[in-house]
Structures are given as C-alpha cells and as structure tokens.
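**Q** Pasted the sequence and its predicted model underneath.
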Amino acid sequence: MKRLVRSVRPLRRWLVRRTRRPRVGAVDFGDLNRLEPVSRDWGFDRGTPVDRLYIERFLGAHADDIQGRVLEVADNTYTKQFGGHRVDRSDVLHPVPGNPRATLVADLGTGEGVRDDLFDCIICTQTLQLIYRVETAIDSLSRLLKPSGVLLLTVPGISQICREDMEETGDYWRFTTASLERLLRPAFGDAIEIHTVGNVYSTTAFIQGLAAEELDVEALDHVDKQFQMLLTARAVKRA
C-alpha cells in the first residue's frame, strides 16, 4: 500500500501543476497582449488552420462513408482526399451559377434546384453558418441524400466571422451541440452522431489565427465541452 501511495504522489503533483490557476494579476499575456490578431486569414498564411485540422480528422475517421456518388459544397477537395477509389462520381454544389467546378446549382436555404435521392454521401463543411434559413438547408441536404445516405457535417461553435462572406451573403450563426441536435433531429431522427472538439487552448489559438503546426498536438486532442470550438455530425437518412 505504501508503494502505491508513493507512486500516486508524483501524478497528483503533476495534476496540481496542470490545473493550478494563476493568482489574479499574475497572468502573462505575452504575444497575445494585442488588439490585432496574429493572423486575419484563419492561419492559412502560417500553415493549417486549427479548425481544418479537426475537420480533416473527422472526415478521415469517416472516410468509408465517402463512397458512391458524393456531393461536396463549393469544391471537391475533401471528396478526392478522403474518398479516393470509393467514389464513383464526384459532384460540386453551388447556390448560384458561375462556379466552373459546380455540377449542381441549388440553393439549400430556399430549396430551389434541390432534387431528391441523388447522393450516397454529402460533405458539408463550415457552410450552415452562412445560410439564414438553416432549417430549410438541413431539409434540403436530407432530400438530396438517397435513403441510407450519409451526411458528414461540420459547423463552427466558437469562431471569428468571415469578413468576405459577411459582406457578400452574410455570416449568421454559431452552433452548440444542443442547437445542432435540435436542427438535425426532424430530418434524420435518431440516426445522428454529434461531437464537439476543442478546448480553451485550441480555441484561443484559432481565434488568434495561429496554425496547427505551431501548437502542442496533445493539447489539441483534449476535449472540453465548455469550449465547443467546432462541431461535427454524422447523420444517416432514413431508409
């Protein structure tokens, strides 16, 4: 028993050091003591944005779902990256004409141009926040899927706005696990899996525009549900 106690003590001291709060006035803001973020380009100019790291981990974990006829919003980068030979046909969705990569012009927010039962998988990353009629958008995504088709969805939880989208079409929403579940359940029932990623460390870094390559990978793995930086959802259409 004494040996066990002695072996536990170093762990306890380590935990205390990791969780001890600095006294008031003792926090050193260092390079973050600034009004201008480190990057206004989400971290793209420094490496991989933190949210993109989480998004790609999510899609990699569900790569087997990316098969058959696959639809992706704006371009098909992730379809090619994670679907590979499993994809029979790759389609790209855009809300208005003019995108040369688009094979389907449809407005998720109004349902205009949306057709039923076309796709085995839809990849929809960081899009719903730009659509004001978000309930209609989710219904449109469900309609586009074949029965038993899979929606792989990511949405922002804690994030800066996109200035370009705000000026052009609008940047309307941020989500929580509670709101995303309520939005998805009418269209997909119980066939939804929602997770949150991020913590105060990764969220602070993301808002500042730091790149994932600059950060502690182990710290990025930690999930603190109080800091829902990014939400992921896998939803399956009823057969």
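**A** Yep, that arrived.

**Q** what about Ala219, neighbour count?
**A** Neighbours of Ala219 under the rule other Cβ atoms under 10 Å: 12. Every C-beta, even on glycine, is put in place using the N, C-alpha and C of the backbone.

**Q** Tell me if I'm right that it and Asn199 touch.
**A** Yes: between Ala219 and Asn199 there is a contact under Cβ atoms under 8 Å: 7.4 Å.

**Q** What residues does Leu152 make contact with?
**A** The contact partners of Leu152, by Cβ atoms under 8 Å, 6 or more residues apart in numbering, come to 58-59, 62, 65-66, 121-125, 232-234.

**Q** For it, which three-state class applies?
**A** At Leu152, secondary structure determined by DSSP: H, G, I helix; E, B strand; the rest coil is strand.

**Q** who does it bridge with?
**A** Ile123, Arg234 (DSSP bridges).

**Q** would you list every one of the helices in this structure?
**A** Taking DSSP state H, the helices of the chain run over residues 2-19, 50-61, 77-78, 134-144, 163-168, 177-188, 200-208, 217-221.

**Q** As a markdown table, those helices with mean pLDDT and distance to Pro95 would be great.
**A** Below are the helices of the chain laid out as a markdown table (pLDDT from 0 to 100; distance: least, Cβ to Cβ, whole Å):
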| stretch | mean pLDDT | distance to Pro95 |
| --- | --- | --- |
| helix 2-19 | 50 | 46 |
| helix 50-61 | 98 | 21 |
| helix 77-78 | 98 | 18 |
| helix 134-144 | 98 | 10 |
| helix 163-168 | 86 | 11 |
| helix 177-188 | 98 | 19 |
| helix 200-208 | 96 | 26 |
| helix 217-221 | 93 | 33 |
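
**Q** buried residues in stretch 145-153?
**A** Buried positions in stretch 145-153, judged by neighbour count with 16 or more other Cβ atoms under 10 Å: Leu145, Lys146, Gly149, Val150, Leu151, Leu152, Leu153.

**Q** For the third one, give me its contacts.
**A** Think Gly149. Going by Cβ under 8 Å, 6+ apart, Gly149 touches Phe119, Asp120, Cys121, Ile122, Val236, Lys237.

**Q** Okay, it and Arg69: tell me how far apart.
**A** Per Cβ to Cβ, to the nearest Å, Gly149 is found 9 Å from Arg69.

**Q** Next, show the common contact partners of those two.
**A** Common contact partners of Gly149 and Arg69 (Cβ under 8 Å, 6+ apart): Phe119, Asp120, Cys121.

**Q** Nearest residue to the residue nearest the centre of the chain in space, ignoring adjacent ones along the chain?
**A** In the chain, the centroid-proximal residue (Cα atoms, centre = their mean) is Thr154; its distance is 3.4 Å. In space, and not counting its chain neighbours, Thr154 is closest to Thr125: 4.6 Å by Cβ to Cβ, 6 or more residues apart in numbering.

**Q** Then Gln228?
**A** Nearest to Gln228 is Gly157, by Cβ to Cβ, 6+ apart, at 3.6 Å.

**Q** cool, and His94?
**A** Ala102 (3.7 Å).
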